[in-house]
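Undergrad: Dropping the sequence and predicted coords here.
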Amino acid sequence: MTALSTTINNNTITMPIVSVSMYSGRTQTEKDRLAEAITDDVVKILNVERKDVIIVFEETPHGNWMLLEFDSNALHFILCFYFILLLLHLP
């Protein structure tokens, strides 16, 4: 999270900016709901006003992400495999 700040009448005002990176394809409703949830938490935790919180969505096509030398397809496979293992070990 980044914050812009300025000083007005010797008071520092901070504007938190939260950047959310995700694959493209989410609906506007999903992004709106996520922005509301994030904003609620930022207001509570940082004690700022809702109007001062900015949420920025950065959407990237599926083929443009890499993690720990794995491409996104390999990561997807690993995560699916991990969750299957978890399900198999549930009581």
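TA: Sure, I can see it.

Undergrad: Which strands or helices does the strand or helix carrying L34 pack on?
TA: In this assignment (DSSP states H and E), L34 forms part of helix 28-46. When contacts are defined as 3 or more CB pairs under 8 Å, 6 or more residues apart in numbering; DSSP states H and E, helix 28-46 packs onto strand 11-23, strand 54-60. Using the backbone N, CA and C atoms, a C-beta is placed for each residue, glycine as well.

Undergrad: could you give the angle of the longest one to helix 28-46?
TA: When you say that, I think you mean strand 11-23. Interaxial angle, strand 11-23 versus helix 28-46 (axes from the mean of the first three to the mean of the last three CA atoms, to 10 degrees): 140 degrees.

Undergrad: Mind listing what's buried along strand 11-23?
TA: Going by neighbour count (16 or more other CB atoms under 10 Å), the buried part of strand 11-23 is 16, 18.

Undergrad: and the angle from it to strand 54-60?
TA: 20 degrees.

Undergrad: What average pLDDT does strand 11-23 get?
TA: Model confidence over strand 11-23, given as mean pLDDT, is 81.

Undergrad: ditto for stretch 45-62
TA: Mean per-residue pLDDT for stretch 45-62: 89.

Undergrad: quick one: buried residues of that stretch?
TA: The neighbour-count check on stretch 45-62 (16+ other CB under 10 Å) flags 48, 52-55 as buried.

Undergrad: Any chance you could list what contacts it?
TA: 13-26, 31, 34-35, 38-39, 42-43, 72 (CB atoms under 8 Å, 6 or more residues apart in numbering).

Undergrad: okay, now the domains of this structure?
TA: Taking automatic domain parsing as the reference, the chain has its domains at 2-60, 64-91.

Undergrad: any idea how far the nearest residue to M22 once chain neighbours are set aside is from E36?
TA: Leaving aside its sequence neighbours, M22 sits nearest to E59 (CB to CB, 6 or more residues apart in numbering; 6.2 Å). Going from E59 to E36 by CB to CB, to the nearest Å gives 18 Å.
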